[in-house]
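# Sequence and predicted structure are below.
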Amino acid sequence: METPLVVIAGRPNVGKSSLFNRLIGRRQALVADQPGLTRDRQEATCRIGGRMVRIADTAGLEEAPPESLSGRMRQGAATILEQADLILFVVDARAGILPPDAHFGTWLRRLGRPVLLVANKTEGRAGYDNSIDAYSLGLGEPLLVSAEHGEGISSLMADIAAALPPAKKTRNEDEDETEALTAAEDPGKPLKLVILGRPNAGKSTLVNRLLGEDRMLTGPEPGITRDAITMPLHDVDGRAYQLVDTAGLRRRARVQNEIEKMSTGASINAMRFAEVVVLVVDAVDGLHDQDLQIARLVEREGRAMVVALNKWDAVEDRDATRKAVSDRLERSLAQLKGIPVVTLSAMTGASVQKLLPAVRQVYATWNKRITTSALNRWFDDALSRHPPPNVSGRRLKLRYVTQATARPPTFVVFGTRAEGTPEDYRRYLVNELRNIFDLPGTPIRIDFRGTVNPYDDKN
């Protein structure tokens, strides 16, 4: 069944993102009492009136020079509005109809797309009385809702369902549901790929280059992206990805205003649900402490990672830069030894085609499983070459190892007083595992579990 596109539009701070979250049934878009919070469009699929519908939240419509940030935001919203099957034009009933509402209402009428006029914030008498002014827009009867409190949402969803174009059915609903359930368990389901990095490292430019379209808002201003934006991506081999662009992560001490705190939280939350993270680094600036902090956070969460050295076309001494980055990664990220580093230019597209193969490779490593027999052959050899030390004057006897899970590779070592294994010996085993079983660039977890010797009177 074809999925119709419903686009939410209106001037800033009328409650578009709150309405978006209410319609899709979850808090996906950032919401705050501040105009212009949404910059890049959010999209999600939900069921309305028995049909799957794609909902898009857009930046606030404002009159501004085309080259300005607001002008570029408006152009991005205009592009998706021209593709809409239905537009929800949202006005603020408490504020009444303002000149920008009238201006963009006229523009939407000329656009020739189906429009539902939504009067938001109608809770209370003042909101209800002011909503009458919305008739002046010439877009029909205003549909009264309060997105914040959930009032009128059921009626709005019924109106949306009635206004959608007739469905072109290609299969029955049961087949759709079965296919969705199968896809959720399919090993070929989209790989969750999250783009992280400091502000202005070129994350959104890279996303646009991967998608082959200007999907994300870009420009010289740092910190343009505020939300975590999810988009589908397919590579030339047909591999599907769930690509997420995120806001730049600065040092915690420099994150002061509430909007940036929300953006940072959304970026970290997206990383926690990732399978692979691409850490975008500005190659001209080199590897900063904050880049390493982000990498350590990714490692602690157990995600696979690829480093993308962006703006490579602007680097003058490439050999020196490559060596400096490799040396610092080796010193500072020993727990991710062998992490793939891809040099590229998102702006020109140079070598961007090397990124997704590196992502697939590190994803395969992250999912790797090793047989217990192979593990214990390696384990016996590792113990014979470097026996475990005594702990508090008592012998540490490690007996066997097994892999508990993948994603990331996680192992359990059993033995007498194994839980007391010193940190340096643990690192030795991790490094040996990584080298022998070819596990570069992925976190490795080893849990040490002690067993009690019943014949040892000291236990």
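It's in. What you are looking at is a predicted structure, and each value in this text was computed from that prediction instead of being measured. Numbering: from 1, shown residues only.

# Buried residues in whichever strand or helix holds residue 413, which are they?
Taking DSSP states H and E as the criterion, residue 413 maps to strand 410-416. Residues of strand 410-416 classed as buried: 411-413, 415-416 (neighbour count, 16 or more other Cβ atoms under 10 Å). For the C-beta atoms, the positions are set from N, CA and C on the backbone; glycine is no exception.

# cool, and stretch 133-147?
Neighbour-count burial for stretch 133-147 [16+ other Cβ under 10 Å]: 133-134, 137, 139, 142-147.

# so how far is that stretch from its chain's centroid?
The chain centroid and the centroid of stretch 133-147 are separated by 35 Å under Cα atoms, centre = their mean, to the nearest Å.

# Now residue 437: closest residue in space, sequence neighbours ignored.
In this structure, residue 437 finds its nearest non-sequential neighbour in residue 370, 5.6 Å apart by Cβ to Cβ, 6 or more residues apart in numbering.

# give me the element the one you found is part of.
Assigned by DSSP H and E, residue 370 belongs to no helix or strand.

# residue contacts, it?
Residues near residue 370 by Cβ atoms under 8 Å, 6 or more residues apart in numbering: 403, 409, 437.

# Kindly recompute the last result at 10 Å.
For residue 370, the contact set (Cβ atoms under 10 Å, 6 or more residues apart in numbering) comprises 378, 401-403, 406, 409, 411, 433, 436-437, 439.

# now swap in residue 193 and tell me
Counting by Cβ under 10 Å, 6+ apart, the residues that residue 193 touches are 207, 210, 233, 241-244, 274-278, 304, 306, 355-356, 359-360, 363.

# What of residue 98?
Contacts of residue 98 (Cβ under 10 Å, 6+ apart): 11, 14, 91-92, 133.

# Got the confidence number for it?
The model reports residue 98 with a pLDDT of 89.

# ok, it to residue 106 distance?
Going from residue 98 to residue 106 by Cβ to Cβ, to the nearest Å gives 13 Å.

# One more: residue 210?
37 Å.

# So which of those two has more stuff around it?
residue 210 (24 against 13; other Cβ atoms under 10 Å).

# still on that earlier bit, now the element after the strand holding residue 413, going C-ward?
helix 423-436.

# Only alpha carbons, please: show stretch 150-166 as CSV.
Extracted C-alpha coordinates of stretch 150-166, given in CSV (Å, rounded to 0.1, in the frame of the first residue of the first chain):
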residue,chain,number,x,y,z
GLY,A,150,-4.0,15.9,23.7
GLU,A,151,-7.4,17.6,23.2
GLY,A,152,-9.0,17.1,19.8
ILE,A,153,-6.3,14.8,18.5
SER,A,154,-8.6,11.9,17.8
SER,A,155,-11.0,14.1,15.8
LEU,A,156,-8.0,15.5,13.9
MET,A,157,-6.7,12.0,13.0
ALA,A,158,-10.2,11.2,11.7
ASP,A,159,-10.2,14.3,9.5
ILE,A,160,-6.7,13.5,8.3
ALA,A,161,-7.8,10.0,7.3
ALA,A,162,-10.8,11.4,5.4
ALA,A,163,-8.7,14.0,3.6
LEU,A,164,-6.0,11.5,2.3
PRO,A,165,-6.1,10.4,-1.3
PRO,A,166,-7.7,7.0,-1.9
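
# about what we covered before: the buried residues of stretch 133-147 in strands, which ones?
Using DSSP state E, 143-144 are the members of the buried residues of stretch 133-147 that sit in strands.

# ok so, going back, is it possible to get CSV of the contacts of residue 98 that adds secondary structure, pLDDT and distance to residue 190?
As requested, the contacts of residue 98 are exported to CSV (DSSP: H, G, I helix; E, B strand; the rest coil; pLDDT from 0 to 100; distance: Cβ to Cβ, whole Å):
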residue, secondary structure, pLDDT, distance to residue 190
11, coil, 86, 35
14, coil, 87, 33
91, strand, 91, 37
92, strand, 89, 37
133, helix, 82, 45
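
# Quick check: the two most widely separated of these?
Longest distance between any two of the contacts of residue 98 is 14.6 Å, between 11 and 133; criterion Cβ to Cβ.

# For the chain, spot the helix or strand the model is least confident about on average.
Least confident helix or strand, the chain: helix 173-185 with a mean of 39, by mean pLDDT, DSSP states H and E.

# Following the chain onward from that helix, which element is next?
strand 191-197.

# by how many degrees do the helix or strand just after that following strand and strand 191-197 diverge?
As assigned by DSSP H and E, the chain's next helix or strand after strand 191-197 is helix 203-211. Angle of helix 203-211 versus strand 191-197, following axes from the mean of the first three to the mean of the last three Cα atoms, to 10 degrees, is 150 degrees.

# Adjust the sequence numbering to begin at 850 for everything that follows.
Okay, residue one is now 850; in that scheme the one you just asked about reads as helix 1052-1060.

# Give the partner strands of the helix or strand just after helix 1052-1060 in its sheet and their orientations.
For helix 1052-1060, the following helix or strand on the C-terminal side (DSSP H and E) is strand 1078-1083. Strand 1078-1083 pairs in its sheet with strand 1089-1094 (antiparallel), by DSSP bridges.

# in the partner strand, what's buried?
Quick answer for strand 1089-1094 (16+ other Cβ under 10 Å): 1090-1094.

# Put together TSV for these, with distance to residue 972 and pLDDT on each row.
Formatted as TSV, the buried residues of strand 1089-1094 follow (distance: Cβ to Cβ, whole Å; pLDDT from 0 to 100):
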residue	distance to residue 972	pLDDT
1090	41	94
1091	36	90
1092	38	91
1093	34	89
1094	34	87
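
# In the stretch 1200-1308 of the chain, where is pLDDT below threshold?
Counting by pLDDT under 70, the stretch 1200-1308 of the chain shows low-confidence ranges at 1300-1308.

# one more time with 80, if that's ok
Filtered on pLDDT under 80, the stretch 1200-1308 of the chain yields the residue ranges 1240-1242, 1300-1308.

# Now residue 1232. Nearest residue, chain neighbours left out?
Nearest to residue 1232 is residue 1247, by Cβ to Cβ, 6+ apart, at 6.3 Å.

# Show residues contacting whatever helix or strand the one you found lives in.
Using DSSP H and E, residue 1247 maps to strand 1246-1254. For strand 1246-1254, the external contacting residues (Cβ under 10 Å, 6+ apart) are 1217-1221, 1223-1225, 1227-1229, 1231-1232, 1236-1237, 1258-1267, 1270, 1274, 1278, 1282, 1286, 1294-1297, 1299-1300, 1302.

# please redo it, this time with the cut-off set to 7 Å
1218-1219, 1221, 1224-1225, 1228, 1232, 1237, 1258-1265, 1267 (Cβ atoms under 7 Å, 6 or more residues apart in numbering).

# Kindly report the same for stretch 1083-1090.
Counting by Cβ under 7 Å, 6+ apart, 1039-1040, 1042, 1081-1082, 1205, 1209 sit against stretch 1083-1090.

# Can you get me the start-to-end distance on that stretch?
Counting by Cα to Cα, to the nearest Å, you get 6 Å between the two ends of stretch 1083-1090.

# Also stretch 978-989?
17 Å.

# residue ranges of the helices in this structure, please?
Counting by DSSP state H, one finds helices in the chain at the ranges 865-873, 918-930, 948-960, 974-980, 1002-1012, 1022-1034, 1052-1060, 1107-1121, 1138-1149, 1167-1181, 1204-1215, 1221-1234, 1272-1285.
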